[in-house]
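pasting a predicted model and its sequence here:
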Amino acid sequence: MLTKMVDTSDEWIVQRTGIRERRIAVNQTTAELAITAAKHALADTGITAQEIDIIIACTATPDSYTPSIACRVQAELQAQRAVAFDLSAACSGFVYATDVVDSYFRAGKAKTALVVCAETLSRIVDYTDRTVCCLFGDGAGAAVYQWSETKDGILQTFMGADGSRGDALLATALPVEDPLEQSRNTEVDRFLHMNGKEVFRFAARTVPEAIDCVLKQAGVTIDEIDWIVPHQANLRIIDVICRRYGLAPEQVYVNLERYGNTSSASIPLCLDEMRRNGLLLAGQLIIFVGFGGGLTYGAVLIRI
Ligand code: UT7
């Protein structure tokens, strides 16, 4: 299909990115995807909506400026006790949200948290721009975190940002104009623009930095890690991680060939598949590592 829309080839896309398929949400809102993922996560854990203290929704593609996706989820779940807000960290959303949850837990402000990541990137992808349309897909994933007295759970987090490179991944919202002179016909460029090479270089530098940092802070070596679950953007970026740490491909979870880059949803989508396939076992040490728009990056070390 894409080869009919732009000057590209399956061979180019697979060789340069590793992506073979992507899912597109047709006539579905980001909130609908988020609500479905949240309901699945709650059903899987057996935790009720009334137990949730905090809902964080991560998205780069909200349906509205207000209410937030998190508030839509809160309403639908009837999670009356939960505070709810959206977090804007693009592809690093899940990692950033996990860091916020960790802070709430450590401050004693929450015991149960729902993180839901939902994206309808197809709404901001220009399907005449071959540099982005082959990469992105829609999707949603959610995770429930619960405070426990044990030393397991979220062990270390590290977040970073380099706003000076923000234009490398740009999707603008409202036009800038004199509000008193504003024209109802102002053309808005709603599409995502990316300097792929710059984001690639950023990822190749910051992903190892983030992993090294959580390992060092936790006093853990890479040999002790059972899984690395990276943001799914490009197989060549994942190869950088494997080569840097001498990891076997089996230690790094990859599913981008079927979903493309789903921004914040990519890590929870991986976790859901891993859980369903029996790959997540109690006691394992796992690193989530994300990077993307902002530009932002970060890593989390957890013991499940
Ligand atoms: O989620 C976080 C945000 N995004 C990312 O992490 C993306 C990071 N970057 C990347 O994954 C890669 O940079 C891309 C996959 C986006 C691009 O791969 P690249 O190897 O860096 O290619 P390039 O941008 O250097 O382009 C090489 C050539 C160019 O043609 P010329 O100028 O050499 O004639 C592009 O126009 O490939 C061309 N090209 C394509 N050709 C066929 C770019 N996209 C396509 C395409 N099909 N889809």
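That came through fine. Residues are numbered from 1 along each chain as shown.

the residue of the chain found nearest the ligand - how many residues pack around it?
Residue of the chain nearest the ligand, by Cβ to the nearest ligand atom: residue 196 (2.6 Å). Using the backbone N, CA and C atoms, a C-beta is placed for each residue, glycine as well. Close neighbours of residue 196, defined as other Cβ atoms under 10 Å, add up to 16.

pLDDT wise, what is it at?
You'll see residue 196 listed with a pLDDT of 96.

surely it meets residue 134?
No: contact criterion Cβ atoms under 8 Å: residue 196 and residue 134 do not qualify, at 10.6 Å.

excluding its backbone neighbours, what's nearest residue 151?
Of all residues not flanking residue 151 in the chain, residue 303 sits nearest, at 7.8 Å (Cβ to Cβ, 6 or more residues apart in numbering).

which strand residues sit across from that neighbour in the sheet?
Judged by DSSP bridges, the bridge partners of residue 303 are residue 153, residue 285.

that one: neighbour count?
17.

pull out the buried positions in the helix or strand harbouring residue 243.
Per DSSP states H and E: residue 243 is located in helix 235-245. Within helix 235-245, the residues that qualify as buried are 235, 237, 238, 240, 241, 242, 245, counting by 16 or more other Cβ atoms under 10 Å.

distance check, residue 131 against residue 208.
Plainly put, residue 131 is 25 Å away from residue 208 if you go by Cβ to Cβ, to the nearest Å.

model confidence over the helix holding residue 243, on average?
For helix 235-245, mean pLDDT is 94.

mind giving me the packing neighbours of that helix?
On a contact count with 3 or more Cβ pairs under 8 Å, 6 or more residues apart in numbering; DSSP states H and E, helix 235-245 meets helix 10-17, helix 196-218, strand 227-230, helix 256-259.

apart from its chain neighbours, what residue comes closest to the residue nearest the centre of the chain?
For the chain, the residue nearest the mean C-alpha position is residue 264 (1.7 Å; Cα atoms, centre = their mean). Counting by Cβ to Cβ, 6+ apart, residue 264 lies nearest to residue 93, which is 3.1 Å off, once chain neighbours are set aside.

what's the answer for residue 35, then?
residue 76 (4.7 Å).

hmm, that neighbour is touching residue 33, no?
No: using Cβ under 8 Å, residue 76 is not in contact with residue 33; the gap is 12.0 Å.

those two: which is more packed in?
residue 33 (25 against 16).

ok, now which ones touch that one?
25, 118, 119, 120, 138, 139, 140 (Cβ atoms under 8 Å, 6 or more residues apart in numbering).

ok, the fourth one - contacts?
In this case it means residue 120. Counted by Cβ under 8 Å, 6+ apart, residue 120 has contacts 25, 28, 29, 30, 33, 61, 138.

buried among the residues you listed? Make that a ChimeraX selection.
The buried residues among the contacts of residue 120 can be selected in ChimeraX (16+ other Cβ under 10 Å) with this line:
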select :25,29,30,33,61,138
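
ok, and which of the contacts of residue 120 reach the ligand?
By Cβ under 6 Å from any ligand atom, no member of those lies near the ligand.

can you redo the contacts of residue 120 as TSV with pLDDT?
Output for the contacts of residue 120, formatted as TSV (pLDDT from 0 to 100):
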residue	pLDDT
25	97
28	96
29	97
30	98
33	98
61	97
138	98
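
tell me how many other residues surround residue 131.
Residue 131 has 14 neighbours, counted by other Cβ under 10 Å.

spatially nearest residue to it (excluding sequence neighbours)?
residue 196 (6.1 Å).

got it, and residue 88?
Counting by Cβ to Cβ, 6+ apart, the residue nearest residue 88 is residue 60, at 7.1 Å.
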